[in-house]
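1. any chance you can model this:
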Amino acid sequence: MSRTTIIGLTGSIGMGKSTVAAMFRRLGVPVFDADAEVRRLQGPGGRALAAIEELFPGTTHEGGLHRDRLGAAVFGDHSKLRALEQILHPLVGEAQSAFLGAHRLKPAIVLDVPLLFEKGGWRRCHITVVVSAPYRVQRARVLARPGMTPEKFAGILKGQMPDREKRARADVVIETGRGRRETWAAVKRLVHSL
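-> So this is what the prediction gives:
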């Protein structure tokens, strides 16, 4: 019996990871999106809300999370951030395990995890794929986002493994700075090689 190839997909902010994940989906490869799962857990009726409210009073409401309030409560405080992660990571892990079980007969699946290397998720994968672009492209993409500032961007980068390090650890690097057609061709080549 053939095993499912688990592809770990990662990349720093603004590198085009969401675009590449959508391309995998278009090619019929199921994608588990860790960020979307976190949003679900923190959204209306989310499983993480009660524990978050207990630890950080006043940060939730019936519509889900007060992102700004929670951000202010944990920003720059590693122990509070770790406490929040201890709520979220097991729940995301459960959802990921359920996803793996539901797709165990597929030839390949993608685990789209922003902190794949930082949090050890790569150990669960057969292949790691890093989405990358030149810094000037990354910076332009990120600063075009609503509410983003150069200071916020710098803070986010500080919390992520540097792109060059991710590239060095990857089995496959998909460049997204050369246009969508090139990126699509690279994703298709990878999927067909499996």
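2. buried ones in stretch 161-172, by neighbour count?
-> By 16 or more other Cβ atoms under 10 Å, the buried positions in stretch 161-172 come out as 161, 163, 166, 170, 172. Every residue, glycine included, has its C-beta placed from N, CA and C.
3. name the nearest of those residues relative to A133.
-> Distance to A133, by Cβ to Cβ, is smallest for D163 among the buried residues of stretch 161-172, at 8.6 Å.
4. residues touching the closest one, list them.
-> By Cβ atoms under 8 Å, 6 or more residues apart in numbering, the contact set of D163 is 11-12, 15, 130, 132, 135, 138.
5. farthest pair in the residues you listed?
-> V130 and Y135 (14.6 Å).
6. and which of the buried residues of stretch 161-172 is nearest to I109?
-> Checking those one by one against I109 (Cβ to Cβ), the nearest turns out to be V172, at 15.4 Å.
7. which other residues reach the helix or strand I156 falls within?
-> Element membership for I156 (DSSP states H and E) is helix 150-158. With Cβ under 8 Å, 6+ apart as the test, helix 150-158 has contacts from 12-13, 139, 142-143.
8. mind saving the C-alpha coords of it as CSV?
-> The C-alpha coordinates for helix 150-158 follow below in CSV (Å, rounded to 0.1, in the frame of the first residue of the first chain):
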residue,chain,number,x,y,z
PRO,A,150,7.3,49.2,8.4
GLU,A,151,7.5,48.8,12.3
LYS,A,152,4.9,46.0,12.3
PHE,A,153,6.6,44.3,9.4
ALA,A,154,9.9,44.4,11.2
GLY,A,155,8.3,43.0,14.3
ILE,A,156,6.8,40.1,12.4
LEU,A,157,10.1,39.3,10.7
LYS,A,158,11.8,39.2,14.0
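9. tally of neighbours for V130?
-> Per other Cβ atoms under 10 Å, the neighbour tally for V130 reads 27.
10. please renumber the chain so that the first residue is 429 from this point on.
-> Taking 429 as the first residue, the last one we looked at is V558.
11. doesn't it fall inside a helix?
-> No. Applying DSSP: H, G, I helix; E, B strand; the rest coil, one finds V558 to be strand, outside a helix.
12. identify the residues contacting it.
-> V558 touches 438-439, 591, 594-595, 597-598, 600-602, counting by Cβ under 8 Å, 6+ apart.
13. how about Y563?
-> Y563 makes contact with D591, according to Cβ under 8 Å, 6+ apart.
14. 10 Å instead, please
-> For Y563, the contact set (Cβ atoms under 10 Å, 6 or more residues apart in numbering) comprises 440, 442, 585, 591, 605.
15. farthest pair within those?
-> L585 and G605 (16.8 Å).
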